[in-house]
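1. Fold the following and give me the result.
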Amino acid sequence: MVRTYKKKRGDRVSTDVLQRALAHYKNTIDGYKKTSQLFGVPLSTLQDNVKKLNKMPESERSISNMRFGYQRPRQVFSDGDETALVVYLKHASTIYFGLCPREVRLLAYECGKQFNIKMPASWSEKEIAGADWFSSFLKRHSELSLRTPEATSIARATAFNKTNVSEYFTKLTEVTERHMFEACDIWNVDETGVVTVVKPKKVVAGTGVKQIGSLTSAERGQLVTLCAGVSAGGKAIPPFLIYPHVNYRDHFLIGAPAGSKGTAHPSGWMTADNFLLFLQHFVQHVKPTVNNPVLILLDNHVSHLSIDALDYAKENGIVMLSFPPHCSHRLQPLDLSVFGPLKRKLSVS
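-> You can find the predicted model right below:
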C-alpha cells in the first residue's frame, strides 16, 4: 500500500445487519435484489459477501467464521517482532552504530528471509523491504524518528563508559564531603570558540538576482575564545576573552558585560599563561581562601595543568577536579547547557 493512500468508503453496514442479510439469502428463496432492499444492504456488498462465503472450505463455511468490514493491510511482522526491532534500533543508536533507512530495510528483508516470514513479492525481487513499509513502520512506532547523528571520535565513544564515569563521581563525592562544599562553592569552568562573523539570515530580495550581500564586520570571521565560570548555585563570573592578536588593547572589551577581562594570543586559543590569568580573574570575583575553598570542575586540557596554575590554585583555596578524558561532551555542564544555546542564539541574531 502506498504511503499516501486513503481508502474511500461510504456509510458502513453494521456487522449484525450484514450477517442477518446473508442468513436470509442463504435460507430463503429471495434473490439479491429483494434481500438488499429488505435489509438496506448495498447490492454489491451483499453479492461480494455471498461469493466470499461460497469460496470458504466446506468444513468452515459458516457466517460466524466470516470477517466483515474493512481489514487493514496485512502486517509483515508481528507486533512482537517489530517491538524487538525497535529495541535493536534504539540500542544501535546509543552505541554510535545507528542504522540509516536503507540499512533498516535491508535488515527487515534479511529477518523475513531468515525466519521464513511471508513477504511481499517486491521484497524478494529487490532483496530489500519497501520504502512504504519503512514509512508505515515509523508511523506505528512514534518512539523512533530520523535524526542527523553528530560525528563522534572513537576515543570519545570508548572513553565514556560506566567505569570511567563511576570513578569520576566517586572522586567528586569524596572531595565534596572532605571540604563540605555547598552548591555555591562548586564551579564549572570551560572555554569555547566564538566566531566574530556569523552566517547571515535569509532576506527578501528580487527574483533572479544572482548575488545578495549582507553588511558585516568582515568577510572572514576571527576566532575569539570565551572562558566562563558558573556555579551550581546559579552564580556566574564575568566572561574572560582571548583575542587573536599579538598585543591586547583595552578597547577590545567595548560592549562586553561589566567586569569582563581579556587578553591576547596570536592563535586566539587558551594557553597555560592565559589560564593563569583566568584564575586570577576568577579569584578576584569569587574570593576563595584556603579556609573557605571552592571546587572547580573542568576538563584536563594541557593548558589547565601547568605548575604555575596549580600552585596558584592551591595557594588561593581552589580545588580542581577534572572530567575523565574524552567525556566532557556528556559531563561538562557548560558545554551542554550554556555554550550550545549561546551559539544557536548567535547564529540567528
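2. where do the strands sit along the stretch 201-349 of the chain?
-> 223-231, 240-243, 261-264, 294-298, 318-322 (DSSP state E, counting those that start in this stretch).
3. Those into a markdown table, with extra columns for mean neighbour count, distance to residue 187 and mean pLDDT?
-> In short, each C-beta sits where N, CA and C put it, glycine included. Listed next are the strands of the stretch 201-349 of the chain as a markdown table, based on neighbours: other C-beta atoms under 10 Å; distance: least, C-beta to C-beta, whole Å; pLDDT from 0 to 100:
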| stretch | mean neighbour count | distance to residue 187 | mean pLDDT |
| --- | --- | --- | --- |
| strand 223-231 | 19 | 5 | 92 |
| strand 240-243 | 24 | 13 | 94 |
| strand 261-264 | 19 | 16 | 94 |
| strand 294-298 | 22 | 5 | 95 |
| strand 318-322 | 19 | 9 | 94 |
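4. Turn those strands into JSON lines, including distance to residue 336.
-> JSON lines is the format used below for the strands of the stretch 201-349 of the chain (distance: least, C-beta to C-beta, whole Å):
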{"stretch": "strand 223-231", "distance to residue 336": "12"}
{"stretch": "strand 240-243", "distance to residue 336": "20"}
{"stretch": "strand 261-264", "distance to residue 336": "25"}
{"stretch": "strand 294-298", "distance to residue 336": "13"}
{"stretch": "strand 318-322", "distance to residue 336": "17"}
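5. what about residue 25, neighbour count?
-> 23 (other C-beta atoms under 10 Å).
6. whoops, residue 49 was the one
-> Neighbour number of residue 49 under other C-beta under 10 Å is 20.
7. Not counting residues beside it along the chain, what's closest to it?
-> residue 22 (5.9 Å; C-beta to C-beta, 6 or more residues apart in numbering).
8. can you tell me which residues contact the one you found?
-> Listed by C-beta atoms under 8 Å, 6 or more residues apart in numbering, the contact partners of residue 22 are 46, 49-50, 53, 63, 66.
9. quick one, phi/psi of residue 326?
-> phi 60, psi 30 (degrees, to the nearest 10).
10. ok, it to residue 115 distance?
-> 40 Å (C-beta to C-beta, to the nearest Å).
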